[in-house]
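Chemist: Give me the fold of what follows.
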Amino acid sequence: MKAIVLNKPGQFENITKPKLASPAAGEVLLKIKHVSICGTDLHAYNGKQPFFNYPRILGHEIAAEVVEVGSGVENIQPGDSCTVEPYRNLAIDQAVKKGKTNCGSKLTVLGVHEDGAMQEYITYFASNVHVTNELPAEQVSLVEPFAIGAHAVERAELSHSDTVLVIGAGPIGLGIIALARLEGVKIVLLDVNKNRLDFAKQKFPEIKTLLLSDTVIEDLQKIFGGDLPTVIFDATGNKTSMQNSFNYVAAGGTIVFVGLFVGEVVFDDPNFHRKEITLKASRSARARDFVKVISLLKAGLIDTSGYITHRIPFDDLTKEFEKLYLPEENVIKAIINF
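Modeler: Coordinates of the predicted model:
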């Protein structure tokens, strides 16, 4: 069985692994069709992913086919197309008991804390598998980042009167827009990359876009009739951007940090109190977010056309991966084809 392992930052290796045994009770054997490359994979390759150890097989945004099911598995059959919810809890602690399954103290993430899907086959827990029959396999590989967007929007508790600023026009930011627009709110997207802003405007003609400048506050006030956004989603994982969001948000507003970086976010406490800002984190997604996104995709309410800009054959990944860092590549989303 072919696999690609990241031995250390910047060093992939093609390896051969033994064939996997039949799945145990409650598990399924999956044949990987596509793996979508995300910021986690890029950060791990660059040596900047928190909670990460080497060597590791990456990959957690998955489109797969069920090959075999273990005993006790119901509602999943060989031949089903599927994706996986790539987070599982090794302990039922306080957060998990409260339904916050994405916040467990012993949460493991596929491709981060345990080997992921950059290999031909994996076994995984059936309870984390979501059947996606009727959806194209490439589209299925995008379910997880859209689920992250769905969870972030849920965290924000949007109302129709809210005005929204999304910072970061990468796949997560685009996923947030795709879900937030369904709530009928006015949205502005801010980024440093004009090509990504142009793509977003093409996908979502109703939104406004801003290229980062020294006049962001004034520009936002012009768009929102003299006001500032009541909800900000920061999907950059960039310290400066995250700290600036405290200046951009309206008094009484909410900031949701979706991106993650290794370090400390510092903000001015008097400003934080004066504006009575609500600050929230949004971590990964839960099962209901996957269910929601799959349902919206089937209903045609999320359009993924054009998202996948780069398709890389599995055998070419080790020599093609570094190109994904280049600005001139204009990557929105890259997937690995098996």
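Chemist: can we go C-alpha only for contacts and neighbour counts from here?
Modeler: OK.
Chemist: other SSEs contacting the helix or strand of the chain with the lowest mean pLDDT?
Modeler: One helix or strand of the chain scores below all others by mean pLDDT, DSSP states H and E: helix 94-97, with a mean of 87. Contact here means 3 or more Cα pairs under 8 Å, 6 or more residues apart in numbering; DSSP states H and E; on that basis helix 94-97 packs against no helix or strand.
Chemist: list the buried ones in it?
Modeler: residue 96 (16 or more other Cα atoms under 10 Å).
Chemist: same deal with stretch 117-136?
Modeler: 117-132.
Chemist: rewinding a little: and the helix or strand just after the least confident helix or strand of the chain, what's its mean pLDDT?
Modeler: Using DSSP states H and E, the helix or strand that follows helix 94-97 towards the C-terminus is strand 107-109. In this model, strand 107-109 has a mean pLDDT of 91.
Chemist: Name every strand pairing with strand 107-109 and say which way it goes.
Modeler: Applying DSSP bridges, strand 107-109 is found paired with strand 87-89 (antiparallel).
Chemist: Mind listing residues that contact the strand it pairs with?
Modeler: By Cα atoms under 8 Å, 6 or more residues apart in numbering, the list of residues contacting strand 87-89 from outside reads 96, 101, 102, 104, 105, 106, 107, 108, 109, 110, 128.
Chemist: now with 10 Å?
Modeler: If you take Cα atoms under 10 Å, 6 or more residues apart in numbering as the criterion, strand 87-89 is touched by 60, 96, 101-113, 125, 127-128, 284-287.
Chemist: before we move on, the earlier item: roughly how far is the least confident helix or strand of the chain from the heart of the chain?
Modeler: 23 Å (Cα atoms, centre = their mean, to the nearest Å).
Chemist: what's the longest helix in the chain?
Modeler: Ordering each helix of the chain by length in residues (DSSP state H) puts helix 143-156 first.
Chemist: next SSE after that helix?
Modeler: strand 163-167.
Chemist: Spell out which helix or strand contains the spatially closest residue to residue 12 that is not a sequence neighbour, please.
Modeler: Sequence neighbours aside, residue 6 is the residue nearest to residue 12 in space, at 4.4 Å (criterion: Cα to Cα, 6 or more residues apart in numbering). Residue 6 is part of strand 2-8, with elements assigned from DSSP H and E.
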